[in-house]
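test case, fold it:
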Amino acid sequence: MKLKTLLITLILLLFFNCKNNSRFDFFGEKKDLTNLDSYNLNINEMGPNNIKGEIIDVCPKKGCWMNVLVETDTVFVKFKDYAFFVPKQGVEGKTIYMTGEINNDTISVEMLKHYAEDANKSHSYINSITEPKIKLNMIADGVAIKN
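Below you'll find the predicted structure:
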């Protein structure tokens, strides 16, 4: 009887553990998401951070960058050492949890045009880019996208 109870307990634990992990798709370093409240962001704090946001858009060519809405700010996210990418489509509007370095970054005209080309913007839009921009930037070392 004890063996049967133990077996049922183990099966239930495995079932709920697998079900909980399937709530997220992980990219890059897999993060411990047991305390999701730690992913609140004060984006005025530069440096290492955990942030939670909503995916606005993703690079449609490779999934190598994305824009994430965090509270009322848009954070431009790239991935550490170009080591991983996220899906190119189907993640817009989903909640994302990220860890990495946050900073203000000056994006050159050349890079702004490159990102606009990646995003399939019109030639007139690309040609209208003539000034660099300062953007809130994150180099993420790991992300979890909620299903």
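
elements contacting the helix or strand hosting residue 98?
Here residue 98, judged by DSSP states H and E, is contained in strand 95-107. If you count contacts as 3 or more Cβ pairs under 8 Å, 6 or more residues apart in numbering; DSSP states H and E, strand 95-107 packs onto strand 47-58, strand 73-79, strand 133-146. Bear in mind the C-beta positions are built from the backbone N, C-alpha and C, glycine included.

the closest residue to residue 30 other than its chain neighbours pairs with what?
Leaving aside its sequence neighbours, residue 30 sits nearest to residue 142 (Cβ to Cβ, 6 or more residues apart in numbering; 6.4 Å). Here residue 142 sits in beta bridges with residue 28, residue 99, as judged by DSSP bridges.

enumerate every residue touching residue 142.
For residue 142, the residues meeting the contact criterion (Cβ atoms under 8 Å, 6 or more residues apart in numbering) are 26, 27, 28, 29, 30, 31, 98, 99, 100.

rerun at 7 Å
Applying Cβ atoms under 7 Å, 6 or more residues apart in numbering to residue 142 gives the contacts 28, 29, 30, 31, 99.

now the third one: how far from residue 47?
Shown here: residue 30 relative to residue 47, a distance of 22 Å by Cβ to Cβ, to the nearest Å.

who has more neighbours, the two?
Remark: of residue 30 and residue 47, residue 30 carries more neighbours, 12 against 8, as counted by other Cβ atoms under 10 Å.

find the helix or strand that the residue lying closest to residue 129 once chain neighbours are set aside is a member of.
Leaving aside its sequence neighbours, residue 129 sits nearest to residue 112 (Cβ to Cβ, 6+ apart; 4.9 Å). Using DSSP H and E, residue 112 sits in helix 109-118.
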